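Enquirer: Next one to model:
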Amino acid sequence: MALTLEELVGRFGGEVVGDRARQVGSLAPLDQAGPQQLAFLANPKYLSQVETTQAGAVLISPADLAKLGSSEGRNFIVTPNPYAYFARVAQMFIDLATPKAPAGVHPSAVIDAAAKVAPSAVIGPHVVVEAGAVIGENVRLDANVVVGRGTQIGEGSHLYPNVAVYYGCKIGPRAIIHSGAVIGSDGFGFAPDFVGEGDVRTGSWVKIPQVGGVSIGPDVEIGANTTIDRGAMADTIIEECVKIDNLVQIGHNCKIGAYTVIAGCAGIAGSTTIGRHCMIGGAVGIAGHVTLADYVIVTAKSGVSKSLLKPGMYTSAFPAVDHADWNKSAALMRNLDKLRDRIKALEAAAAARDNT
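Expert: Numbering: from 1, shown residues only. Model prediction:
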């Protein structure tokens, strides 16, 4: 479906420079776009491609438009954030092109009589909805989703195949939860009960009941095979518009602040609080019972063992270097204690000379 530039700015804002009646029906990169496509400029280093693009129109910022030699014969939508504008337009085109699944419950689904399912919901094959669960308007549950007793799924949410949401959890409106994610599994809580040492040590680990839940705010997205543990007594909390990548582990009683993003393979131990607008890089490990302030950025593979109470960027990982250089650095690190002792000896000798 093609829309005019005038229709696009009517939906998403911005200002048209050029032919308001120009129609575009899809998006493409600047160097590949054709006359019926919309391109965007988010990085000024590609400004030269705007001069040669065949795109029907270009999303561009006011500052970058001012840098062009001429806009004669070209069409633009001028917006402060072309990248975000592109994302919204892309969502619209996908929605227009995707067939809508009809509302209703698949014959193979198992819905408890004590559950409430909105008439507009789409319930796929082999879905299980337990007693007391509430499925909101326009929710989509794909094949094999399991919704535990008393759990609430907010309107417009989409749970992809094989998602499991345990009992007593709350999923806010417009959530997107990808395949294999597990929400509300038990937190990793065990009390040690051992006597003695070595070979005569006896006893065991005593499981601590996890009777809290998981509370997820509006517009949260959770990646494939990510797990979010339920709280021991109070809820694990994921605030609004948090975006979580694949294969992330979030421990019990964590609180993740609004608009924070967490990249793949990160692990966050229990009772950790992460502020708003934080960015957690891939494979970051965060110890339990620490606090990260708002606007903290932790770079990939860093380990966080104590609270970070000021906004800013933090790194503890060693960046990749040439293998031979790494071997030299590793040899130096292995001998740091010897070098320290030699420096102390030299300082002591120098001090003795100064005193004579």
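
Enquirer: Spatially, what comes nearest to residue 149 if we skip its sequence neighbours?
Expert: Excluding the flanking residues, the one nearest residue 149 by CB to CB, 6 or more residues apart in numbering is residue 130, at 4.1 Å. In short, each C-beta sits where N, CA and C put it, glycine included.

Enquirer: pLDDT score for that neighbour?
Expert: Note for residue 130: predicted pLDDT of 98.

Enquirer: Do I have it right that it meets residue 167?
Expert: Yes: using CB atoms under 8 Å as the test, residue 130 is close enough to residue 167 to be in contact (7.2 Å).

Enquirer: which residues do these two both contact?
Expert: 148-151 (CB atoms under 8 Å, 6 or more residues apart in numbering).

Enquirer: still on that earlier bit, now for the residue nearest to residue 149: which residues touch it?
Expert: Here residue 130 is in contact with 112, 115, 146-151, 167 (criterion: CB under 8 Å, 6+ apart).

Enquirer: between the residues you listed, which has the most around it?
Expert: residue 147 (31 neighbours; other CB atoms under 10 Å).

Enquirer: so what's that residue up against?
Expert: Contacts of residue 147 (CB under 8 Å, 6+ apart): 115, 127-130, 133, 135, 141, 153, 165.

Enquirer: quick one: the helices in the stretch 51-200 of the chain?
Expert: 62-67, 82-97 (DSSP state H, counting those that start in this stretch).

Enquirer: Also the stretch 201-350 of the chain?
Expert: 323-334, 336-354.

Enquirer: Of all those, which one is nearest residue 301?
Expert: Residue 301 lies closest to helix 323-334 among those, at 14.7 Å (CB to CB).

Enquirer: What average pLDDT does that closest one get?
Expert: Average pLDDT, helix 323-334: 90.

Enquirer: Can you tell me how far residue 304 is from residue 46?
Expert: Applying CB to CB, to the nearest Å, the value for residue 304 to residue 46 is 36 Å.

Enquirer: Have a look at those two and say which one is more surrounded.
Expert: Using other CB under 10 Å, the more surrounded residue of residue 304 and residue 46 is residue 304, with 21 against 16.

Enquirer: Quick check: closest non-adjacent residue to that one.
Expert: Residue 304 sits nearest to residue 286 (CB to CB, 6+ apart), 4.5 Å away.

Enquirer: Would you mind listing the residues in contact with that neighbour?
Expert: Applying CB under 8 Å, 6+ apart, the residues contacting residue 286 are 266-269, 272, 274, 280, 292, 298, 303-304.

Enquirer: want to try TSV for the residues you listed, with pLDDT and distance to residue 328 as columns?
Expert: Formatted as TSV, the contacts of residue 286 follow (pLDDT from 0 to 100; distance: CB to CB, whole Å):
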residue	pLDDT	distance to residue 328
266	98	31
267	98	31
268	98	35
269	98	34
272	98	36
274	98	37
280	98	32
292	98	34
298	97	28
303	96	23
304	97	28
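
Enquirer: Now which of the residues you listed would you call buried?
Expert: Buried subset of the contacts of residue 286 (neighbour count, 16 or more other CB atoms under 10 Å): 266, 268-269, 272, 274, 280, 292, 298, 304.

Enquirer: show me the contacts for the nearest residue to residue 265 once chain neighbours are set aside.
Expert: Residue nearest to residue 265 in three dimensions, not counting chain neighbours: residue 283, with 4.5 Å by CB to CB, 6+ apart. Residues near residue 283 by CB under 8 Å, 6+ apart: 263-266, 300-301.

Enquirer: between those, which has the most around it?
Expert: For those, neighbours tallied by other CB under 10 Å; top is residue 266, 24 neighbours.

Enquirer: List the ones among the contacts of residue 147 that fall in strands.
Expert: Counted as lying in strands by DSSP state E, out of the contacts of residue 147, are 128-129, 135, 141, 153, 165.

Enquirer: Which of those residues lies at the shortest distance from residue 39?
Expert: Using CB to CB, these come closest to residue 39 at residue 141, 36.6 Å.

Enquirer: per-residue confidence for the closest one?
Expert: 98.

Enquirer: Can you give me the neighbour number for it?
Expert: Residue 141 is flanked by 29 other residues according to other CB under 10 Å.

Enquirer: For it, give the beta-bridge partners.
Expert: Note on residue 141: beta-bridge partners by DSSP bridges are residue 123, residue 159.

Enquirer: right, and it touches residue 159 too?
Expert: Yes: using CB under 8 Å, residue 141 makes contact with residue 159 at a distance of 5.1 Å.

Enquirer: Now the common contact residues for those two.
Expert: Shared contacts of residue 141 and residue 159 (CB under 8 Å, 6+ apart): residue 153.

Enquirer: nearest residue to residue 294 other than its sequence neighbours?
Expert: Per CB to CB, 6+ apart, closest to residue 294 is residue 275, 3.7 Å.

Enquirer: Thank you kindly, that will do.
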